[in-house]
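Participant: I'll drop the sequence and a predicted model, then ask my questions.
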Amino acid sequence: MDKYTDIETAKRLELVSSAKIDTALKHSSLLGTLNHTLTIGGFRLLRATLLQPPCVLKDIETRQQCVEEVVNNPTLFRAFQVSTLN
């Protein structure tokens, strides 16, 4: 299975940019809607993840467990956020 999203599919799904030329809205693509990152590194990682999503079940499950841990522990989330911004 191909791990990368081809350019035409990314355009049609509006993953990183809107198909409408006159639309300059921040939330006109999936990336714009999901982007709450505070660093350029976070933005690049999010963009890469949308264009090259994990395809291995174990990788997907590991990410889900990590997200669940952070969502269920706001203190951990805040500590992680503070440590990455410094």
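Facilitator: Nice, I can see it.
Participant: and the top helix by length along the chain, which residues are buried?
Facilitator: When the chain is scanned for its longest helix (criterion: DSSP state H), the result is helix 57-72. When neighbours are counted by 16 or more other C-beta atoms under 10 Å, no buried residue of helix 57-72 is found. Backbone N, C-alpha and C define where each C-beta goes, glycine included.
Participant: Next: stretch 40-50.
Facilitator: Residues 46-47, 50 are the ones in stretch 40-50 that count as buried (16+ other C-beta under 10 Å).
Participant: could you dump it to CSV, C-alpha only?
Facilitator: What follows is stretch 40-50, C-alpha atoms only, in CSV (Å, rounded to 0.1, in the frame of the first residue of the first chain):
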residue,chain,number,x,y,z
ILE,A,40,6.7,26.0,12.9
GLY,A,41,7.9,22.5,13.7
GLY,A,42,4.4,21.5,15.0
PHE,A,43,2.9,22.9,11.8
ARG,A,44,5.3,21.0,9.6
LEU,A,45,4.7,17.8,11.5
LEU,A,46,0.9,18.2,11.2
ARG,A,47,1.2,18.9,7.4
ALA,A,48,3.4,15.9,6.9
THR,A,49,1.1,13.7,8.9
LEU,A,50,-1.9,14.7,6.7
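Participant: average pLDDT across it?
Facilitator: The average pLDDT within stretch 40-50 is 91.
Participant: follow-up on the earlier one: quick check, nearest of the buried residues of stretch 40-50 to residue 72?
Facilitator: The closest of the buried residues of stretch 40-50 to residue 72 turns out to be residue 46 (C-beta to C-beta; 21.3 Å).
Participant: coming back round to it: would you mind giving the buried residues of stretch 40-50 as CSV with secondary structure and distance to residue 71 added?
Facilitator: Formatted as CSV, the entries for those read as follows, by DSSP: H, G, I helix; E, B strand; the rest coil; distance: C-beta to C-beta, whole Å:
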residue, secondary structure, distance to residue 71
46, helix, 17
47, helix, 22
50, helix, 20
